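*Asks:* I'd like to go over a predicted model; first the sequence, then the structure.
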Amino acid sequence: MAEPSENQFDLCVIGCGPGGFAGAMRAFDAGKHVCIVEGDEIGGTGVMWGALASKTMWELAKDYAVAAMVDRGYRAAGLSVDYLSMRNSALRAVKEKQYQMLSQIETFSPRRWSGPGSLSYKRGWGSFLSENEVEIRRYDGGVETVAADHILISTGSRPREFPGIPTDGERILNSDHILNLKTFPRRLMIIGAGIIGCEYSAIFSNFGQTQVFLTDHAERILPFEDDDISDFVSGHLKDNGVTIFQTAKLQAIDERTDHLEVILDFDDGRSEVVEVDTVLISIGRTPNVESLHLERIGVSLDERGTIPTDENCRVKGTIYACGDVTHHPNLVNLAEMEGRFAVKHMYGFTQHPLNYANMSTVMFFRPAVAAVGLNEKGCRKKRIPYRVASYANALVSRAIAMRATSGFAKIIVSDDERQRLLGMRAAGPMASNNIMTIALLMDHAKGLEDVFKTVHPHPTMSEGIQECLRVLLDKSIFKEKAFPDLVRVRSWKPEDEEDTSDRRLAP
């Protein structure tokens, strides 16, 4: 394509979160002229309000909790924490990433870059005029129109509101409001025990300045995970001082002058009123689609309120979508993968189909939990016979040296001759790094016998993965007979009358 005019591009990206930015850069790599439209914070939720900000807080909280320990041969004197200082540290991390993104966009803007492709950044909110035209409502109140051969929707999502209970950003919050706080809440009620709710429970309880209550309507927190993972996380939150209300539904919040009264209704018919200072609503997220005017291009939302896409991230014709605005899980790495793939498909240089099965995730609790592939619930739902082994970190030399022996590796393989790797869960130090060992092998469809050619360095946490794999072949150094609470192996088949695959693992 020739040099773009001010309002004519190869690709228009609506929303510059992680997925939109990744897609824009992939198009730039292909020599395309890209218009990036963003009306809010550059980096979107993935940077400003979500993953980067909250994980910075998690790292600071983890460091503080370790510094406060008194069982390691040292004791910190005069240890204190100030919320505003901690918040400012998180904001510095956010700004660091935002200005990296902005600096790259400016570097390759048409007024500076004379090489192939370009990046043009327009601050404002985009909506469809047609399948190839986007109207931009600028910050200064002006309106302009850009045309593009292809359009990538990456407008992300926002916290879902609780029906009848509006957030005010001061005492009743959603996750976007956390950095608005000026001090640590004395008493914090978190509504919703999914990943975000559990992560903030870990963060605030780690700092030790806040009495934390965690409420959910299900019988277990993280109900999508196996019971051993759920029990592991809830057990550690309780040990950290978190009070968990389960099978509880938020009925109302009565606002008093100096406190809030949270009314909870339980499945057994009783009610309980809890006095707190702050409430955090964490019940999922809602796609940002209202301002797009999708009706102008003949696109309707699905039953979940998301934009339907095909296996190539295509909405229709030359329009694609990625990230939270679609029907897939709200994950930064997923949004980036989809954004890059969508652009590759637009221009015909895809080599492999998208693979959602082996998407790795990390849940930042105390300690962290990482996951890839199927869990036991997923195997049973698909009626896949499997074998599963668990190996406790208490037997791993590196964990012993770190004085952080809580956690385990849990690996699932198919119960057949191939013994294909189906999934893994890891909890404890360095879980996020260790999970990639299995994720990479799963991507290459490896079986159990294929994974013992590599010698793991010592002492490392990855040795726990090596031993967990050996457990499945009855070749581990430490045996289940000697350590039944630390080493376990079991199997399940659809025809089994008694399913014992959810026994709790040792903490």
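*Replies:* Structure received.
*Asks:* name the helices or strands packed onto the helix or strand bottoming out on mean pLDDT in the chain?
*Replies:* Ranking every helix and strand in the chain by mean pLDDT, DSSP states H and E puts helix 44-47 at the bottom, with a mean of 84. Packing partners of helix 44-47 (3 or more C-beta pairs under 8 Å, 6 or more residues apart in numbering; DSSP states H and E): helix 18-29, helix 51-67, helix 83-107. Bear in mind the C-beta positions are built from the backbone N, C-alpha and C, glycine included.
*Asks:* and that helix, how far out from the chain middle?
*Replies:* 11 Å (C-alpha atoms, centre = their mean, to the nearest Å).
*Asks:* thinking again about what came up before, I'd like the helices and strands packed on helix 44-47 as JSON lines, with mean pLDDT, distance to Asn393 and mean neighbour count appended.
*Replies:* What follows is the helices and strands packed on helix 44-47, written out as JSON lines (pLDDT from 0 to 100; distance: least, C-beta to C-beta, whole Å; neighbours: other C-beta atoms under 10 Å):
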{"stretch": "helix 18-29", "mean pLDDT": "97", "distance to Asn393": "31", "mean neighbour count": "27"}
{"stretch": "helix 51-67", "mean pLDDT": "93", "distance to Asn393": "16", "mean neighbour count": "19"}
{"stretch": "helix 83-107", "mean pLDDT": "95", "distance to Asn393": "28", "mean neighbour count": "15"}
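*Asks:* for these, which one sits closest to Pro484?
*Replies:* helix 51-67 (30.4 Å; C-beta to C-beta).
*Asks:* can you give the contact residues for the closest one?
*Replies:* 43, 45-47, 76, 79, 81, 86, 89-91, 93-94, 97, 175, 178-179, 196, 199-200, 202-204, 206-208, 332, 364, 366 (C-beta atoms under 8 Å, 6 or more residues apart in numbering).
*Asks:* so what's the residue count around Phe266?
*Replies:* 14 (other C-beta atoms under 10 Å).
*Asks:* contacts only, for it.
*Replies:* Taking C-beta under 8 Å, 6+ apart as the test, what Phe266 contacts is 245, 247-249, 272.
*Asks:* the same query, at a cut-off of 10 Å, please.
*Replies:* The contact partners of Phe266, taken as C-beta atoms under 10 Å, 6 or more residues apart in numbering, are 217, 245-249, 272.
*Asks:* identify the farthest-apart pair in the residues you listed.
*Replies:* With distances taken as C-beta to C-beta, the most widely separated pair in these is His217 and Glu272, at 13.9 Å.
*Asks:* anything in contact with each of those two?
*Replies:* The contact sets of His217 and Glu272 overlap at 245, 248, 264-266 (C-beta under 10 Å, 6+ apart).
*Asks:* okay, and the beta partners of Ala427?
*Replies:* Val369, Phe408 (DSSP bridges).
*Asks:* per-domain residue ranges of this structure.
*Replies:* Segmentation of the chain into domains, based on automatic domain parsing, reads 8-49+90-158+286-346, 172-283, 367-492.
*Asks:* and the first one, how far apart are its ends?
*Replies:* The one in question is domain 8-49+90-158+286-346. Between the opening and closing residues of domain 8-49+90-158+286-346 lies a distance of 17 Å (C-alpha to C-alpha, to the nearest Å).
*Asks:* how far away is the nearest residue to Asn375 once chain neighbours are set aside from Lys410?
*Replies:* Leaving aside its sequence neighbours, Asn375 sits nearest to Asp226 (C-beta to C-beta, 6 or more residues apart in numbering; 4.9 Å). Counting by C-beta to C-beta, to the nearest Å, the separation of Asp226 from Lys410 is 8 Å.
*Asks:* between those two, which contacts overlap?
*Replies:* If you check Asp226 and Lys410 against C-beta under 10 Å, 6+ apart, the residues they both contact are 232, 375-376, 388, 425, 505.
*Asks:* returning to that earlier point: would you mind saying which of the domains of the chain lies nearest Met359?
*Replies:* Of all those, domain 8-49+90-158+286-346 comes closest under C-beta to C-beta, at 6.0 Å.
*Asks:* where in the protein is pLDDT low?
*Replies:* 1-5, 497-507 (pLDDT under 70).
*Asks:* middle-most residue in this protein, spatially?
*Replies:* Leu331 (4.7 Å; C-alpha atoms, centre = their mean).
*Asks:* now the phi/psi pair for it, please.
*Replies:* Backbone geometry at Leu331, expressed as degrees, to the nearest 10, gives phi -130, psi 140.
*Asks:* residues near the nearest residue to it once chain neighbours are set aside, how many?
*Replies:* Spatially, and ignoring its direct neighbours in sequence, Leu331 is nearest to Thr361 (6.2 Å; C-beta to C-beta, 6+ apart). For Thr361, the count of nearby residues is 16 (other C-beta under 10 Å).
*Asks:* check the gap between Thr361 and Asp265 for me.
*Replies:* In terms of C-beta to C-beta, Thr361 sits 32 Å off from Asp265.
*Asks:* same question, Glu275
*Replies:* Distance from Glu275 to Asp265, by C-beta to C-beta: 17 Å.
*Asks:* Glu161 now?
*Replies:* 19 Å.
*Asks:* the two - which one has more neighbours?
*Replies:* Between Glu161 and Asp265, counting by other C-beta under 10 Å, Asp265 is the more crowded of the two (16 against 13).
*Asks:* could you identify the helix or strand that succeeds the helix or strand hosting the more buried one?
*Replies:* Using DSSP states H and E, Asp265 sits in strand 260-266. Later in the chain than strand 260-266, the nearest helix or strand by DSSP H and E is strand 271-276.
*Asks:* now that following strand against strand 260-266, angle please.
*Replies:* 150 degrees (axes from the mean of the first three to the mean of the last three C-alpha atoms, to 10 degrees).
*Asks:* before we move on, the earlier item: pick out the most distant pair among the shared contacts of Asp226 and Lys410.
*Replies:* Taking C-beta to C-beta, no two of the shared contacts of Asp226 and Lys410 sit farther apart than Phe232 and Val388, at 14.8 Å.
*Asks:* which strand is the longest one in the protein?
*Replies:* strand 118-130 (DSSP state E).
*Asks:* before we move on, back to that, among the contacts of helix 51-67, the buried ones, what's the PyMOL command?
*Replies:* In PyMOL syntax, the buried subset of the contacts of helix 51-67 is picked out as below (16 or more other C-beta atoms under 10 Å):
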select buried, resi 43+45+46+47+86+90+93+94+97+175+178+179+196+199+200+202+203+204+206+207+332+364+366
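*Asks:* make sure Leu222 is indeed in a helix.
*Replies:* No - applying DSSP: H, G, I helix; E, B strand; the rest coil, one finds Leu222 to be coil, outside a helix.
*Asks:* could you number the chain from 26 rather than 1 from now on?
*Replies:* Sure, I'll start numbering at 26, so the last one becomes Leu247.
*Asks:* quick one: the helices in the stretch 176-325 of the chain, in order.
*Replies:* Remark: helices assigned in the stretch 176-325 of the chain by DSSP state H, counting those that start in this stretch are 220-232, 252-264.
*Asks:* any chance of the ones you listed in JSON lines, plus distance to Met455?
*Replies:* Shown next, in JSON lines, are the helices of the stretch 176-325 of the chain (distance: least, C-beta to C-beta, whole Å):
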{"stretch": "helix 220-232", "distance to Met455": "17"}
{"stretch": "helix 252-264", "distance to Met455": "17"}
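*Asks:* circling back to that earlier point, okay, angle between the longest strand of the chain and helix 43-54 too, please.
*Replies:* Going by the same axes, to 10 degrees, strand 143-155 makes 120 degrees with helix 43-54.
*Asks:* moving C-terminal of strand 143-155, what's the next helix or strand?
*Replies:* Following strand 143-155 in sequence order, the next helix or strand is strand 158-163 (DSSP H and E).
*Asks:* contacting residues around Arg196?
*Replies:* By C-beta under 10 Å, 6+ apart, the residues touching Arg196 are 202, 210, 278, 280, 284-285, 301-304.
*Asks:* make that Lys120, sorry
*Replies:* 68, 72-73, 127.
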